[in-house]
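K.L.:
coords please:
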Amino acid sequence: MSRSPLYERVESILAADIADGSLLPETQLPPEEGLIERFKVSRTTVRKAIQNLVERGLVEVRRGKGTFVTQPKITQELTELTGFVEDMQALGRNPTARLLDQRIVAADEAVAHHLVLAPGTLVVRLRRVRLADGVAMSFDETYLPRDIGEKVASNDLGAEPVLRTAGGEV
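P.N.:
Residues are numbered from 1 along each chain as shown. Model (predicted):
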């Protein structure tokens, strides 16, 4: 069994701490000595892990102050929002969907709140896996008011976006 280099393991653990919120943006990482002690590795290993985190944009080194978790970067240009189909087509991939479940259910508190309905109101729930070139990319669970949901459900949900608008789809 091949094991990854120590610096990759240190990098991975620190990246996971950032991803799960254990290390919040603007939080200072422990000094090198603390990381050496925590991970039982050399200074060179800690420096390589930090260098990789800097290259990934997860942390930044502030001279004389330390290493800090960066604010997450928005990678999508928000001059217009695009949907899955449009995004995959822009990447040259063939977007499709597989309908897993389509049924009428009673809206729980959260769904009712978001749809501005009374809890218990009947809504249409759609569960789909979104694919690009046949590879599963995401799981979508969509709740729609019953009148809209029944109209949408009459479409081919494996090929068509759930909601189509003038500027894109969902």
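K.L.:
Please make it C-alpha for all contacts and neighbour counts, starting now.
P.N.:
Fine.
K.L.:
Excluding covalently adjacent residues, which one is nearest to the most centrally placed residue in the chain?
P.N.:
Most central in the chain under CA atoms, centre = their mean is residue 138, positioned 9.4 Å from the mean C-alpha point. Excluding the flanking residues, the one nearest residue 138 by CA to CA, 6 or more residues apart in numbering is residue 130, at 5.2 Å.
K.L.:
what's the burial count for residue 120?
P.N.:
13 (other CA atoms under 10 Å).
K.L.:
Start at 58, not 1
P.N.:
Right, with 58 as the first residue, what we last looked at is residue 177.
K.L.:
does it count as helix, strand or coil?
P.N.:
Recorded secondary structure, residue 177: coil (DSSP: H, G, I helix; E, B strand; the rest coil).
K.L.:
Against residue 158, how distant is it?
P.N.:
According to CA to CA, to the nearest Å, residue 177 stands 19 Å off from residue 158.
K.L.:
Same question for residue 188.
P.N.:
Following CA to CA, the distance that separates residue 188 from residue 158 is 16 Å.
K.L.:
if you count what's nearby, which of those two comes out ahead?
P.N.:
residue 188 (21 against 10).
K.L.:
tell me the contacts of that one?
P.N.:
Residue 188 makes contacts with 151-155, 194-195, as judged by CA atoms under 8 Å, 6 or more residues apart in numbering.
K.L.:
List buried members of the residues you listed by neighbour count.
P.N.:
Among these, those classed as buried by 16 or more other CA atoms under 10 Å are 152-155.
K.L.:
Dump the residues you listed into CSV; add distance to residue 120 and pLDDT as well.
P.N.:
Output for these, formatted as CSV (distance: CA to CA, whole Å; pLDDT from 0 to 100):
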residue, distance to residue 120, pLDDT
152, 46, 87
153, 49, 87
154, 49, 87
155, 51, 88
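K.L.:
Dump these to a markdown table, plus distance to residue 60 and secondary structure.
P.N.:
Shown next, in a markdown table, are the buried ones among the contacts of residue 188 (distance: CA to CA, whole Å; DSSP: H, G, I helix; E, B strand; the rest coil):
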| residue | distance to residue 60 | secondary structure |
| --- | --- | --- |
| 152 | 36 | strand |
| 153 | 37 | strand |
| 154 | 37 | strand |
| 155 | 37 | strand |
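K.L.:
neighbours around the closest residue to residue 175 other than its chain neighbours, how many?
P.N.:
In this structure, residue 175 finds its nearest non-sequential neighbour in residue 169, 5.7 Å apart by CA to CA, 6+ apart. Neighbour count of residue 169, defined by other CA under 10 Å: 19.
K.L.:
Residue 162 is in contact with residue 169, correct?
P.N.:
No - counting by CA atoms under 8 Å, residue 169 stays clear of residue 162, with 11.3 Å between them.
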